[in-house]
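*Asks:* got a sequence here, can you build the structure:
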Amino acid sequence: MSSLPTGVVVVSGTGTEIGKTVVTSAIAAAALAAGRSVAVLKPAQTGVAPGEDGDAAEVRRLAGAGVSTLELARYPEPLAPDTAARRSGLATVGPHAVAEAAAALAAEHDLVLVEGAGGLLVRFDEAGHTLADAARLLRAPVLIVAPAGLGTLNSAALTGEALRARGLTGLGIVVGSWPLAPDLASRCNLADLPVVSEMPLLGAVPHGSGALAPEAFRTAAPGWLAPDLGGAWSATAFLRAWS
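*Replies:* Modelled structure (predicted):
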């Protein structure tokens, strides 16, 4: 039986371009299908010009128009938010602004997903604040998105250690892009990721899922997510299938 999260959930990752937006979209789609109201907050969008669709718009496209979206800042260069802000001459976004925006959305929605930029400790402002600082202010659990292949164990272990060092709750790990033909490292990592990160494996999104038609995406999304995220995916069955 699925058990959708409520309140604020922070979605971070072990790096960039690993599927955070698609995972966020899948969770939002599952929640909407269950009749929940959903908002997605993107504190800092980088690498997107004014007028172009960013990650929040992509979540809305894939998950459905019922998702409320909010973007706090946008910077044109694909860099860490602090660096991108400095180079563009635009203001940075601090953790208190993120926490206040998320809390306001939470007052009107069942679930608020805060999607970070890059990894957990990417700098957001001149003082070196990160997404972890916003999560701490919100007292929100953090979901980590990780790649499947070689090299992911070290970054997952470091991310888990960083969460625990800051007193943050790691909700779990989702593989952001599961290969169509996984290699040996990817298959072994399914069992090793929960061990090194000290967080449960809560899903695996197939590679290329973001290219699906929105209707197909919404239908399939619950099958990629564990019950803790509102889906029907089983880590035990998935490991058995790929061991």
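*Asks:* residue 123: what secondary structure?
*Replies:* Here residue 123 takes the coil state, with states given by DSSP: H, G, I helix; E, B strand; the rest coil.
*Asks:* OK, contacts around it?
*Replies:* Residues near residue 123 by C-beta atoms under 8 Å, 6 or more residues apart in numbering: 80-83, 129-130. Where C-beta positions appear, they are placed from N, C-alpha and C, glycine not excepted.
*Asks:* from residue 42, how far off is the residue lying farthest from the centre of the chain?
*Replies:* Distance to the chain centre peaks in the chain at residue 89, reaching 27.5 Å (criterion: C-alpha atoms, centre = their mean). Distance of residue 89 to residue 42, given as C-beta to C-beta, to the nearest Å: 21 Å.
*Asks:* same check on residue 76?
*Replies:* Using C-beta to C-beta, residue 76 is found at 15 Å from residue 42.
*Asks:* neighbour count for these two, which is higher?
*Replies:* Set residue 76 next to residue 42 and count neighbours by other C-beta atoms under 10 Å: residue 42 wins out with 25 against 16.
*Asks:* which residues does the more buried one bridge with?
*Replies:* Beta-bridge partners of residue 42, counted by DSSP bridges, are residue 71.
*Asks:* look up how far residue 20 lies from it.
*Replies:* From residue 42 to residue 20 the distance is 10 Å (C-beta to C-beta).
*Asks:* please enumerate the shared neighbours of those two.
*Replies:* Common contact partners of residue 42 and residue 20 (C-beta under 8 Å, 6+ apart): 55, 115.
*Asks:* where does the chain dip in pLDDT?
*Replies:* Within the chain, the stretches with pLDDT under 70 are 1-2.
*Asks:* now the helices for it?
*Replies:* When secondary structure is read from DSSP state H, the chain shows helices at 20-33, 55-63, 81-88, 95-106, 131-138, 152-165, 184-197, 214-220, 235-242.
*Asks:* nearest to residue 177 among those would be which one?
*Replies:* Nearest of the helices of the chain to residue 177, taken as C-beta to C-beta: helix 20-33 at 7.6 Å.
*Asks:* kindly format the C-alpha coordinates of the closest one as PDB.
*Replies:* The C-alpha trace of helix 20-33 is given here as PDB (Å, rounded to 0.1, in the frame of the first residue of the first chain):
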ATOM      1  CA  LYS A  20      16.200  15.200 -10.300                       C
ATOM      2  CA  THR A  21      13.600  17.000 -12.400                       C
ATOM      3  CA  VAL A  22      12.200  13.700 -13.800                       C
ATOM      4  CA  VAL A  23      12.100  12.200 -10.300                       C
ATOM      5  CA  THR A  24      10.400  15.300  -8.900                       C
ATOM      6  CA  SER A  25       7.900  15.100 -11.800                       C
ATOM      7  CA  ALA A  26       7.200  11.400 -11.000                       C
ATOM      8  CA  ILE A  27       6.500  12.100  -7.400                       C
ATOM      9  CA  ALA A  28       4.300  15.000  -8.200                       C
ATOM     10  CA  ALA A  29       2.400  12.900 -10.800                       C
ATOM     11  CA  ALA A  30       1.800  10.100  -8.200                       C
ATOM     12  CA  ALA A  31       0.600  12.600  -5.700                       C
ATOM     13  CA  LEU A  32      -1.800  14.300  -8.100                       C
ATOM     14  CA  ALA A  33      -3.200  10.900  -9.100                       C
END
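*Asks:* thanks a lot, catch you later.
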